[in-house]
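[1] test case, fold it:
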Amino acid sequence: MDESTSSLIQMRNVRVTFGRQVVLRDINLAIPKGQTVAIIGESGCGKTVLLKVLIGLVKPTHGRILFDGQNLAQLNEKELTKQRIRFGFVFQNAALFDSMTVGQNVAFPLRQHQRLPPNEVQEIVLARLAEVGLPDNVRGKKPAELSGGMRKRVGLARALAMNPELMLYDEPTTGLDPIMSDVINELILRSRRTHPVTSVIVTHDMRTARKVADRVIMLYPATRLQAAEEQIVFDGPPSELDHADDRRVQQFVQGEAGERLMELRAGRD
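    Purely as a prediction, here's the structure:
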């Protein structure tokens, strides 16, 4: 099968640099339609930058990003905005509008991009809130009145409001207790069953990666790579993580400081 027709996202020799700092180095990646991919790796390895590159918020210094066969770098701002309507983005801290109610937050993308009658907007808002397990009585509350877990769920409801083809999650369980983290994981799984969606999840949480992903990709910081090394040090199903040959993968998965601690001490000394 032609990769360009089977993949929703393709990254071809993508490099991102900020000044002299290389963040992403020659990334080649294809994500098929309907797949859920977890991007893991230690802080500073470029996970969130990769997420922003995928939707055109950061332009690659070199290489191409294809979304549904279209090169994002070649689109003008109007065309890029049209493509972004097909994305849903769940931000790390929910990124809700503090001055708006929960209902207004969830309705925001609908009112920005679609001309729907108010009663239809309200129906969608109620349906999405119910989908993430929130009762109707939260609709009139402000984000400051909600717990962290509830804010995360409102962010998910807002991202789902437009029925996106691509969902992107930036650390969806950060700051949550284990039970609420698992609630978010279950909601991610449920949204995948309910909507035909491709998902990319940036996470440090190995429970999330193992539970929700079909495929796990691990990045290693470009600054610590040898000249010929690839930045993607693991690409496979979660079940293979524990059997990976690369010691860097094992150390991350098991949460072992080991050689990394020695590197940090050597750098400080």
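
[2] only C-alpha atoms for contact and neighbour calcs from this point on.
    Fine.

[3] what's the one helix or strand residue 127 maps to packed up against?
    Using DSSP states H and E, residue 127 maps to helix 118-131. Counting contacts by 3 or more CA pairs under 8 Å, 6 or more residues apart in numbering; DSSP states H and E, helix 118-131 is packed against helix 102-113, helix 148-160.

[4] need the winner for burial among those helices.
    Comparing these by mean neighbour count (mean count of other CA atoms under 10 Å), helix 148-160 comes out on top with a mean of 25.

[5] low-confidence ranges in the protein?
    1-5, 257-269 (pLDDT under 70).

[6] possible to save the helices and strands packed on helix 118-131 as JSON lines with distance to residue 37?
    Formatted as JSON lines, those follow (distance: least, CA to CA, whole Å):
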{"stretch": "helix 102-113", "distance to residue 37": "25"}
{"stretch": "helix 148-160", "distance to residue 37": "17"}
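
[7] wait, which of the ones you listed is closest to residue 83?
    helix 102-113 (11.6 Å; CA to CA).

[8] show me where this protein has its helices.
    Secondary structure of the chain by DSSP state H: the helices cover 3-6, 47-54, 77-84, 102-113, 118-131, 148-160, 178-194, 206-212, 247-254, 258-268.

[9] so which of those helices comes closest to residue 92?
    Taking the helices of the chain one by one with CA to CA, helix 148-160 is closest: 8.2 Å.

[10] and that closest one, what other elements does it pack with?
    Counting contacts by 3+ CA pairs under 8 Å, 6+ apart, helix 148-160 packs against strand 87-90, helix 102-113, helix 118-131, helix 178-194.

[11] pull the number of nearby residues for residue 213.
    Using other CA atoms under 10 Å, residue 213 has 22 neighbouring residues.

[12] okay but it is in contact with residue 40, surely?
    No: at 11.1 Å, residue 213 does not count as touching residue 40 under the criterion of CA atoms under 8 Å.

[13] please enumerate the shared neighbours of these two.
    Contact criterion CA atoms under 8 Å, 6 or more residues apart in numbering; residues shared by residue 213 and residue 40: none found.

[14] picking that back up, would you reformat the helices and strands packed on helix 148-160 as TSV and include distance to residue 9?
    Conversion of the helices and strands packed on helix 148-160 to TSV gives the following (distance: least, CA to CA, whole Å):
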stretch	distance to residue 9
strand 87-90	12
helix 102-113	23
helix 118-131	26
helix 178-194	17
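
[15] winner for burial among the ones you listed?
    strand 87-90 (a mean of 23).

[16] can you show me the CA trace of it as CSV?
    Output of strand 87-90 as CSV, limited to C-alpha atoms (Å, rounded to 0.1, in the frame of the first residue of the first chain):
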residue,chain,number,x,y,z
PHE,A,87,-7.3,18.6,15.0
GLY,A,88,-8.2,18.3,18.7
PHE,A,89,-5.6,19.5,21.2
VAL,A,90,-5.7,18.6,24.9
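
[17] who's in contact with that strand?
    For strand 87-90, the surrounding residues in contact (CA under 8 Å, 6+ apart) are 55, 152, 155-156, 159-160, 162, 164-170, 172.

[18] now the helices of the chain as a markdown table including distance to residue 20?
    What follows is those, written out as a markdown table (distance: least, CA to CA, whole Å):
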| stretch | distance to residue 20 |
| --- | --- |
| helix 3-6 | 32 |
| helix 47-54 | 16 |
| helix 77-84 | 27 |
| helix 102-113 | 37 |
| helix 118-131 | 44 |
| helix 148-160 | 35 |
| helix 178-194 | 37 |
| helix 206-212 | 32 |
| helix 247-254 | 25 |
| helix 258-268 | 19 |
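
[19] which residues touch the closest residue to residue 21 other than its chain neighbours?
    Nearest non-adjacent residue to residue 21, counting by CA to CA, 6 or more residues apart in numbering: residue 223, 7.8 Å away. Residues counted as contacts of residue 223 (CA under 8 Å, 6+ apart) are 21-23.

[20] check residue 98 too.
    Contacts here follow CA under 8 Å, 6+ apart; on that basis residue 98 touches 142-144.

[21] the residues you listed, buried ones only, as a PyMOL selection?
    Here is the PyMOL command that selects the buried residues among those (16 or more other CA atoms under 10 Å):
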select buried, resi 142+143
